[in-house]
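Student: Below is the sequence, then the predicted model.
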Amino acid sequence: MATQFPIERFANLDTPFYYYDLQLLHTTLDTIVSEASRHDFVVHYAVKANANSRILTEVRNAGLGIDCVSGNEVRAALEHGFDSKKIVYAGVGKSDREINLALDADIECFNVESIPEMEVINHLAGLKGKVANIALRINPNVDAHTHQYITTGMEENKFGIGLWEVDTAALKAKELSNINLIGLHFHIGSQITDMAAFQALCTRINEIQRRFEEQHYRLSIINVGGGLGIDYEHPDEVSIPDFPAYFAVFAKHLELRNGQKVHFELGRSVVAQCGSLISRVLYVKKGQKKQFAIIDAGMNDLIRPALYHAYHKIENISSKLPTEKYDVVGPVCESSDCFGKEISIASAKRGDLIALRSAGAYGEIMASRYNLRPFAPAYFSEQ
């Protein structure tokens, strides 16, 4: 479904700002809930993708759980009314303060990423007279074939317990009296569009689960993480990812035991397409070899192109003129403050509105105040 931009309404708003199509978000959430329920799967929303208060409220209302990677994300989930028994908490560097916050909230599960972390959680839980549920995050050494900065499941990545120490971790968990090992957790990367990568993950999970059974574990949760990508080139034509095909891979290839639940942690695929960064053209600067459309949004508002060389579709939503090619750049004092080179958009002039599409994930949440620029506000299709 195509996002409709209310140009007349935008004309009265200062730019830049984030714009969220809530109808698309609702349809996406409905699709996720419907397709996951076919297989009795459990879906958590990865709050790191977008923690806007309105977005979190819509996700909570849809009935999803929540996946956190910091203590403040756990706090935000609680403040927005998420059931603590639907909160899972991952992250390689949980501080004592963050662990204690999650223990006090009696969250569903810690996704533990190292043996030392497991020992610390056991110690802190013991001080409180509690037993903490944990899942061991295993680094499965599965190549997600995505950008090196968003690949998380290879041996060279910092995440998870290596395959070489799985047996040691399983034995250690038996020794610790204030933790309860209830599951295994995996996450191989982000923006994955090749379903073969998820099938490879299933194969590895099946192998690892057999190793835990040899240690006499009967686990209730298999958490496969997230990572499902979106179509950045066609945000209107493919506005909702292929959730049926995605869930079907795990339904077909995971070897589940009686009573086991499969958990997912979806972020980008939930919110990316519903969000756009709206900006205005400040100047059109013509050079000898190219021309620049200088807009008032910068890399501080949407860092993905500068950080990952990521592509976002760029549209001049004010003009129906024939296209011209521009380097679309922002005002930040960095050469990397560029959203796209030689981009074809409708012929631009000062004051035209520019939409940077698919910015609902890792847009607003990664914003900074570099150059002392203010944080951009957010507006919604349903105010």
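Tutor: Thanks, I have it. Note that the structure is predicted; figures quoted are calculated from it, not measured. Numbering: from 1, shown residues only.
Student: Quick check: mean pLDDT of the host helix or strand of R75?
Tutor: R75 belongs to helix 71-79 when assigned by DSSP states H and E. Across helix 71-79, the average pLDDT comes to 98.
Student: Likewise for stretch 181-188?
Tutor: The pLDDT scores in stretch 181-188 average 95.
Student: where's that stretch relative to the chain centroid, distance-wise?
Tutor: Stretch 181-188 sits 17 Å away from the centroid of its parent chain (CA atoms, centre = their mean, to the nearest Å).
Student: Give me the residues contacting that stretch.
Tutor: Residues outside stretch 181-188 that contact it (CB atoms under 8 Å, 6 or more residues apart in numbering): 88, 90, 109, 111, 133-138, 140, 142-144, 151-153, 159-160, 170, 173, 197, 201, 204-205, 208-209, 212, 217, 219-227, 263, 265. (Glycine included, C-beta is placed from N, CA and C.)
Student: Tell me the helix or strand right after the helix holding R75.
Tutor: Once the chain leaves helix 71-79, the next helix or strand it forms, by DSSP H and E, is strand 87-89.
Student: Direction included, what does that following strand pair against?
Tutor: strand 65-68 (parallel), strand 109-112 (parallel) (DSSP bridges).
Student: Tell me how far the first one lies from the chain's centre.
Tutor: Going back to what we said before, that points to strand 65-68. For strand 65-68, the distance to the chain centre is 11 Å (CA atoms, centre = their mean).
Student: Only the buried residues of it, if you could.
Tutor: Within strand 65-68, the residues that count as buried by 16 or more other CB atoms under 10 Å are G65, I66, D67, C68.
Student: which residues in this structure form helices?
Tutor: Under the criterion DSSP state H, the chain contains helices at 7-10, 22-38, 53-62, 71-79, 96-105, 115-127, 166-175, 195-214, 243-253, 268-271, 304-308.
Student: what's the third one packed up against?
Tutor: Using 3 or more CB pairs under 8 Å, 6 or more residues apart in numbering; DSSP states H and E as the contact definition, the elements that helix 53-62 packs against are helix 22-38.
Student: and A355, how many neighbours does it have?
Tutor: Counted with other CB atoms under 10 Å, the neighbours of A355 add up to 22.
Student: Which strand residues bridge it?
Tutor: Beta-bridge partners, per DSSP bridges, of A355: I278, E315.
Student: Could I get the buried residue list for stretch 328-341?
Tutor: Within stretch 328-341, the residues scored as buried using 16+ other CB under 10 Å are V328, V329, G330, P331, V332, D337, C338, F339, G340.
Student: do stretch 54-67 as well
Tutor: Buried-residue list, stretch 54-67, by 16+ other CB under 10 Å: R54, I55, L56, E58, V59, R60, A62, L64, G65, I66, D67.
Student: Over to the residue nearest to the third one when sequence neighbours are not counted: give its phi and psi.
Tutor: I take that to be L56. Of all residues not flanking L56 in the chain, H80 sits nearest, at 4.5 Å (CB to CB, 6 or more residues apart in numbering). Main-chain torsions, H80, degrees, to the nearest 10: phi -90, psi 10.
Student: Which stretches in the stretch 251-383 of the chain count as strands?
Tutor: In the stretch 251-383 of the chain, the strands defined using DSSP state E, counting those that start in this stretch lie at 261-266, 275-286, 291-295, 314-316, 323-329, 338-346, 353-356, 378-380.
Student: how far is the third one from where the chain is centred?
Tutor: Centre-to-centre, strand 291-295 and its host chain are 30 Å apart (CA atoms, centre = their mean).
Student: List the neighbouring strands of that strand plus their orientation.
Tutor: In the sheet, strand 291-295 lines up with strand 275-286 (antiparallel), strand 323-329 (parallel) (DSSP bridges).
Student: Now tell me what touches that strand from outside.
Tutor: Residues from elsewhere that reach strand 291-295, judged by CB under 8 Å, 6+ apart: 16, 279-286, 324-331, 339, 345, 348, 354.
Student: The last one too?
Tutor: Contacting residues not belonging to strand 378-380 are listed as L13, F17, Y18, Y19, Y20, L22, N52, R54, E364 [CB under 8 Å, 6+ apart].
Student: check contacts around L171.
Tutor: Each residue near L171 by CB under 8 Å, 6+ apart is listed here: Q215.
Student: Where does pLDDT dip in this structure?
Tutor: Within the chain, the ranges that satisfy pLDDT under 70 run 143-158, 383.
Student: Touching, Y326 and I343? I think so.
Tutor: Yes - between Y326 and I343 there is a contact under CB atoms under 8 Å: 5.7 Å.
Student: Between the two, which has more neighbouring residues?
Tutor: A count of neighbours by other CB under 10 Å puts Y326 above the other of Y326 and I343, at 28 against 20.
Student: Kindly provide the distance from the more buried one to Y283.
Tutor: Distance, Y326 to Y283, using CB to CB, to the nearest Å: 11 Å.
Student: Could you do I365 as well?
Tutor: Applying CB to CB to I365 and Y283 gives a distance of 29 Å.
Student: what about these two, which has more around it?
Tutor: Between I365 and Y283, counted using other CB under 10 Å, the more crowded position is I365 (16 against 13).
Student: who touches that one in this structure?
Tutor: With contact taken as CB under 8 Å, 6+ apart, I365 is in contact with K48, A49, N50, A51, N52.
Student: which residues touch H26?
Tutor: Going by CB under 8 Å, 6+ apart, H26 touches E58, A62.
Student: cutoff 6 Å now
Tutor: For H26, the contact set (CB atoms under 6 Å, 6 or more residues apart in numbering) is empty.
Student: wait, G91 sits on G71?
Tutor: No - G91 is beyond contact range of G71, at 9.0 Å (criterion: CB atoms under 6 Å).
Student: Stretch 120-137: which residues count as buried?
Tutor: Burial within stretch 120-137, assessed by neighbour count using 16+ other CB under 10 Å, is assigned to V120, I121, N122, L124, A125, A132, N133, I134, A135, L136, R137.
Student: ok, these vs D296, which is closest?
Tutor: Proximity of the buried residues of stretch 120-137 to D296 (CB to CB) peaks at R137, which lies at 40.9 Å.
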